[in-house]
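Trainee: Sequence isn't available, so here's the structure alone:
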């Protein structure tokens, strides 16, 4: 196998390529059209689509039933985004999952070291340093296993804690949709079905305090330190699983959150030096009744309500009644 060119290596190394399952909102109405977007890049931007032949498993789990969407339900947007269009089922806490077949890449030693630092695989980078192996080229087999947890209607179910059987996956210790800001969320990381201890995990959100602070510093012309952060880990918190494979995440604000990790080990398989399995989990923290425009929310029975709890139709009747009173008043004055 020929080594990939420097230009192609640079493209891979400096274009982050995590995979996330994302939704416009993780609070959905029962039995309604919905879409899950596969971001292959960063949490904020997808760099390319995922071919159907790369998908080893695609699952939707709700109310104890696991289904596999048809390939016809997939579409692409602008050659950068893969979208699963589906119809939600009955109310409950649902899980979506996607697991990819392994792929392979060959990198020169310098490129591999930069990739490890860029993607936050710091334990493997340190192991290479201790073993005086920083000058060793690498042939890596990798696969990705990603999940999202979303809430349909108001009814809570226990599907969130059901593993999908992926080589590596995050499984919450509690329902994310029972959590409020200020709480600590505990999530177990499983490797081959067993708790994975002392594993580096990165956590972040679309409203990261780190990102907000960096934006403030840029606006004020201040300098800030990135440490190990780059375009891939920038704004993310670095965590570690404990002896029981559990990572603790402090939920300090509402928004869409993620956990991500890369489990990499040296490989004895012929032709390989390393094997990695990537995992992400996405979910949303909030009361589930507010939307982007801050105007309405939908209850499980399909009734649309205002932020103050009154049905929208009630506001319409109230407005019409008020208008009639005003017209009557002005006519009398004339």
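Mentor: Thanks, I have it. The structure displayed is predicted, hence computed values, not measured ones. Numbering: from 1, shown residues only.
Trainee: Quick check: beta-bridge partners of the residue most central in space within the chain?
Mentor: The C-alpha lying nearest the average C-alpha coordinate of the chain belongs to residue 282 (Cα atoms, centre = their mean; 3.1 Å). Beta bridges link residue 282 to residue 148, residue 258, judged by DSSP bridges.
Trainee: What are the neighbouring residues in contact with it?
Mentor: Contact analysis of residue 282 by Cβ atoms under 8 Å, 6 or more residues apart in numbering lists 20, 21, 22, 26, 146, 147, 148, 149, 256, 257, 258. C-beta here means a position set from N, CA and C on the backbone, and glycine is covered the same way.
Trainee: residue contacts, the second one?
Mentor: Right, residue 21. 36, 37, 38, 39, 96, 97, 98, 146, 147, 148, 280, 282.
Trainee: Now do the helices in the chain.
Mentor: Taking DSSP state H, the helices of the chain run over residues 6-14, 109-118, 122-130, 209-220, 312-333.
Trainee: For the third one, buried residues please.
Mentor: By neighbour count on 16 or more other Cβ atoms under 10 Å, the buried set for helix 122-130 is 123, 124, 125, 128.
Trainee: any idea which of those residues is closest to residue 181?
Mentor: residue 123 (31.2 Å; Cβ to Cβ).
Trainee: quick one: the nearest residue to the closest one once chain neighbours are set aside and residue 46, what's the gap?
Mentor: Nearest residue to residue 123, sequence neighbours excluded (Cβ to Cβ, 6 or more residues apart in numbering): residue 200, at 6.1 Å. Taking Cβ to Cβ, to the nearest Å as the measure, residue 200 falls 24 Å from residue 46.
Trainee: Compare the two and say which one has the larger neighbour count.
Mentor: Remark: of residue 200 and residue 46, residue 46 carries more neighbours, 23 against 18, as counted by other Cβ atoms under 10 Å.
Trainee: For the stretch 151-300 of the chain, give me the ranges with low pLDDT.
Mentor: 207-235, 287-300 (pLDDT under 70).
Trainee: Strands along that one, start to end?
Mentor: Applying DSSP state E, counting those that start in this stretch to the stretch 151-300 of the chain gives strands spanning 168-172, 184-191, 194-195, 200-205, 237-240, 246-250, 255-266, 274-285, 296-298.
Trainee: so which of the ones you listed gets nearest residue 50?
Mentor: Nearest to residue 50 among the strands of the stretch 151-300 of the chain is strand 274-285; the distance by Cβ to Cβ comes to 12.8 Å.
Trainee: next one: that closest one to chain centre, how far?
Mentor: With Cα atoms, centre = their mean, to the nearest Å as the basis, strand 274-285 stands 8 Å off its chain's centre.
Trainee: quick revisit: okay, the strands of the stretch 151-300 of the chain in CSV with distance to residue 135 next?
Mentor: Formatted as CSV, the strands of the stretch 151-300 of the chain follow (distance: least, Cβ to Cβ, whole Å):
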stretch, distance to residue 135
strand 168-172, 29
strand 184-191, 29
strand 194-195, 34
strand 200-205, 24
strand 237-240, 27
strand 246-250, 33
strand 255-266, 16
strand 274-285, 15
strand 296-298, 58
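Trainee: And those: which comes nearest residue 55?
Mentor: strand 274-285 (14.4 Å).
Trainee: and the closest one with strand 255-266, angle?
Mentor: In terms of direction (axes from the mean of the first three to the mean of the last three Cα atoms, to 10 degrees), strand 274-285 departs from strand 255-266 by 170 degrees.
Trainee: what angle separates strand 274-285 from helix 109-118?
Mentor: Relative orientation of strand 274-285 and helix 109-118, computed by the same axes, to 10 degrees: 20 degrees.
Trainee: and the angle for strand 274-285 with strand 168-172?
Mentor: Using the same axes, to 10 degrees: strand 274-285 against strand 168-172 is 20 degrees.
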